[in-house]
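**Q** sequence plus predicted model, see below.
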Amino acid sequence: MAYNFKEEMSKPERLSGGHRLCAGCGAGIAVRGVLRALDADEKAVITSATGCLEVSTCMYPYTSWNDSFIHAAFENSGATCSGVESAYRALTQRGKLNEKYKFIAFGGDGGTYDIGFQSLSGAMERGHDMVYVCYDNEAYMNTGIQRASSTPKYAETTTSAVGKCSPGKAQSRKDLAAVIAAHDIPYVAQTTFIGNFKDLHEKAYKAIHTPGAAFLNVMAPCPRGWRYPSEDMMTVCKMAVETCFWPLFEVENGVWKLSYRPKNKLPIEEFLKLQGRFRHLFKPGNEALIAEIQKDVDEKWAQLLKKCGEEL
């Protein structure tokens, strides 16, 4: 795909303004970026799991979506989208439909990593011609900022409280992109909001226009849950990438490819210090916790470089 920023930005919006997402919410930005990868004349059917995105963009009888939209339950956005795609193929084969549609499912990390993982895994394994997009804000933000398997180690949430007996979430976050890549589907990618969104747009275009199942994991920060000023979102995303906490990569037909390699890999503190959910880590006596996070990031970065055939 030859990327032309001006052309991409001039496409009509498929998610209308006036929705009720919080100021600075990453979910709406992820949706707009992904849907902009659709060609102007392409039609789409969108399914969305219950979550911040759904409850804020579809207040019955109104909707912010300009494409066909289906609200799925928390646990079955993948199954719903795959069912619609199957019905579309059946009707097309019988000659009852001759219009072309793309099928895109959205889910937050709670409805993707955890509650919706079974239906997502099934849809990917069956190879439906669809794209599943996770807008990853690393907790159950819609229901009160509870910890999820996507929540980073030692992050503070309402169910992984910080105090004398607890330094935050005790477990490491799940590497969902790697789990989905193990399903041997045609396309998997991890991305976020950096620069002029080129990485997000190009990966979304590949995902939508690659035949078969595709998966996008998009870091979509939540200023409320991560506790940072909403205007700092791009800085937070940049530091996630520059520290290699959230590396950018894609897996095309089983081949791992690194999308971006920082010239000077920054220490993890540069990412953590921007967010209130990690503020307890900077209190005296907690230096070992930051060192542990750094060690984990370094090990996972080395593993990714090896998968991509890159030198450490």
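**A** Received, thanks.

**Q** low-scoring stretches of the chain, by residue?
**A** 1-3 (pLDDT under 70).

**Q** need the residue closest to the centroid of it.
**A** Nearest to the geometric centre of the chain sits residue 218, at 2.6 Å (CA atoms, centre = their mean).

**Q** that one belongs to a helix?
**A** No: Residue 218 is assigned strand when assessed by DSSP: H, G, I helix; E, B strand; the rest coil, not a helix.

**Q** please shift the residue numbers so they start at 31 in all later answers.
**A** Done: numbering now begins at 31, and the last item shifts to residue 248.

**Q** over to the spatially closest residue to residue 249 that is not a sequence neighbour: give its phi and psi.
**A** Computed as CB to CB, 6 or more residues apart in numbering, the closest residue to residue 249 that is not its neighbour in sequence is residue 222, at 3.7 Å. For every residue, glycine as well, the C-beta is placed using N, CA and C. Residue 222 adopts backbone torsions of phi -160, psi -170, taken as degrees, to the nearest 10.

**Q** in contact with residue 222, which residues?
**A** Residues in contact with residue 222 (CB atoms under 8 Å, 6 or more residues apart in numbering) are 229-230, 248-250, 267, 270-271, 276, 278.

**Q** same thing but 7 Å
**A** 248-249, 267, 270-271, 276 (CB atoms under 7 Å, 6 or more residues apart in numbering).

**Q** may I have the distance across stretch 136-143, first residue to last?
**A** 12 Å (CA to CA, to the nearest Å).

**Q** can you point out the buried residues in that stretch?
**A** Within stretch 136-143, the residues scored as buried using 16 or more other CB atoms under 10 Å are 136-143.

**Q** ok, stretch 190-206 next?
**A** Neighbour-count burial for stretch 190-206 [16+ other CB under 10 Å]: 190, 192, 197-199, 203-204, 206.

**Q** which of those sits closest to residue 54?
**A** Residue 54 lies nearest to residue 203 out of those, by CB to CB, at 22.1 Å.

**Q** that closest one - that's part of a strand, no?
**A** No: applying three-state DSSP, one finds residue 203 to be coil, outside a strand.

**Q** quick one: it and residue 181 touch, right?
**A** Yes: the pair residue 203 / residue 181 is scored as a contact, 6.0 Å apart, by CB atoms under 7 Å.

**Q** tell me the contacts of residue 236?
**A** So residue 236 contacts residue 217 (CB under 7 Å, 6+ apart).

**Q** just the strands in this protein please.
**A** 73-78, 98-101, 131-138, 161-166, 192-193, 196-197, 217-221, 244-249, 279-282, 285-288 (DSSP state E).

**Q** give me the sheet partners of the second one and which way each runs.
**A** According to DSSP bridges, the neighbouring strands of strand 98-101, each with its direction, are strand 73-78 (parallel).

**Q** the partner strand vs strand 161-166, what angle?
**A** 40 degrees (axes from the mean of the first three to the mean of the last three CA atoms, to 10 degrees).

**Q** please work out how many residues are found near the closest residue to residue 97 other than its chain neighbours.
**A** In space, and not counting its chain neighbours, residue 97 is closest to residue 74: 4.4 Å by CB to CB, 6+ apart. Per other CB atoms under 10 Å, the neighbour tally for residue 74 reads 18.

**Q** was I right about residue 74 contacting residue 134?
**A** Yes: counting by CB under 7 Å, residue 74 touches residue 134, with 5.8 Å between them.

**Q** isn't residue 247 right next to residue 164, touching?
**A** Yes: at 5.0 Å, residue 247 counts as touching residue 164 under the criterion of CB under 7 Å.

**Q** out of the two, which sits in the busier spot?
**A** Taking other CB under 10 Å, residue 247 and residue 164 do not tie; residue 164 has more neighbours (30 against 26).

**Q** hang on, the earlier thing: which strand residues bridge the residue nearest to residue 97?
**A** residue 132.

**Q** OK, contacts around it?
**A** So residue 74 contacts 68, 97, 131-132, 134 (CB under 7 Å, 6+ apart).

**Q** I'm done for today, thanks for sticking with me.
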